[in-house]
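[1] Structure for this input, please:
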Amino acid sequence: MKKFTLFMGVCCLLIAFTPVTVTFAQDTPQVKEITPSDVKYVTTGDILLTLIEPKLNKIVSDQYGEPLPVQPVKIVSAGRVVDPALHKNAGEDTSWFQVEINILVGDLHKKVHLDEVILKIDAPNIEATEHHFMSDDIKNIDVELLKYTKGK
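    Residues are numbered from 1 along each chain as shown. Below is the predicted model of the structure:
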């Protein structure tokens with residue numbers, strides 16, 4: 001009888017501490033568990049550069065007249081610019097994000113230029129007014145060239 005009671009106690013403990021699997025609906029995205037071997041450190045700057053990379057490539061192609069490899073080196077500065085003069089005109093955006101980036105342009109095995117790009121990034125939700133939060137869509141983000149300085 002002691003062996004049976006001990007056996008039943010061990011079985012109850014095993015059942016009590018067994019993880020339970022929860023199944024979600026098919027339309028719910030699954031979160032991948034990240035292991036240390038999966039992790040590559042990125043900064044917020046890396047994320048920003050990835051989002052604006054297609055526009056940055058187009059700007060460089062326009063400046064040099066041909067598509068060239070572009071490698072961002074450093075975000076020199078980034079900030080929000082508020083133009084008080086535009087507050088007078090209610091229909092215009094009064095602020096935007098301005099980013100200054102150093103980039104390497106050209107093939108790394110040939111001649112490379114260190115260029116400086118200043119971009120204006122304008123999005124409808126920068127002002128953070130209530131009507132901008134009606135939708136969760138990410139759209140209408142404009143990236144505009146303010147200044148391009150070619151390096152040697």
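
[2] Scan the protein for its longest strand.
    Identified as the longest strand of the chain according to DSSP state E is strand 70-82.

[3] Mind checking the pLDDT average for it?
    When pLDDT is averaged along strand 70-82, the result is 90.

[4] Also stretch 102-118?
    90.

[5] contact partners of it?
    When contacts are defined by C-beta atoms under 8 Å, 6 or more residues apart in numbering, stretch 102-118 is touched by residues 56, 59-60, 63-64, 68-74, 76, 98-101, 145-152. Yep, even glycine has a C-beta here, placed from its N, CA and C like the rest.

[6] How far does that stretch stretch from one end to the other?
    9 Å (C-alpha to C-alpha, to the nearest Å).

[7] in it, what's buried?
    103-106, 115, 117-118 (16 or more other C-beta atoms under 10 Å).

[8] Nearest to Thr43 among those?
    The shortest gap between Thr43 and any of the buried residues of stretch 102-118 belongs to Ile103, at 16.3 Å (C-beta to C-beta).

[9] how close does the closest one sit to Ser95?
    25 Å (C-beta to C-beta, to the nearest Å).

[10] returning to that earlier point: ok, and what's touching the longest strand of the chain?
    45, 48-49, 53, 56-57, 60, 94-105, 108, 114, 116, 120, 126.

[11] Can you select the buried ones among those for me in ChimeraX?
    For the buried members of these, the matching ChimeraX selection, counting by 16+ other C-beta under 10 Å, is:
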select :48,49,56,60,94,95,96,97,98,99,100,101,103,104,105,126
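
[12] quick one: which of the contacts of strand 70-82 sit in helices?
    Mapping the contacts of strand 70-82 onto helices (DSSP state H) picks out 45, 48-49, 53, 56-57, 60.
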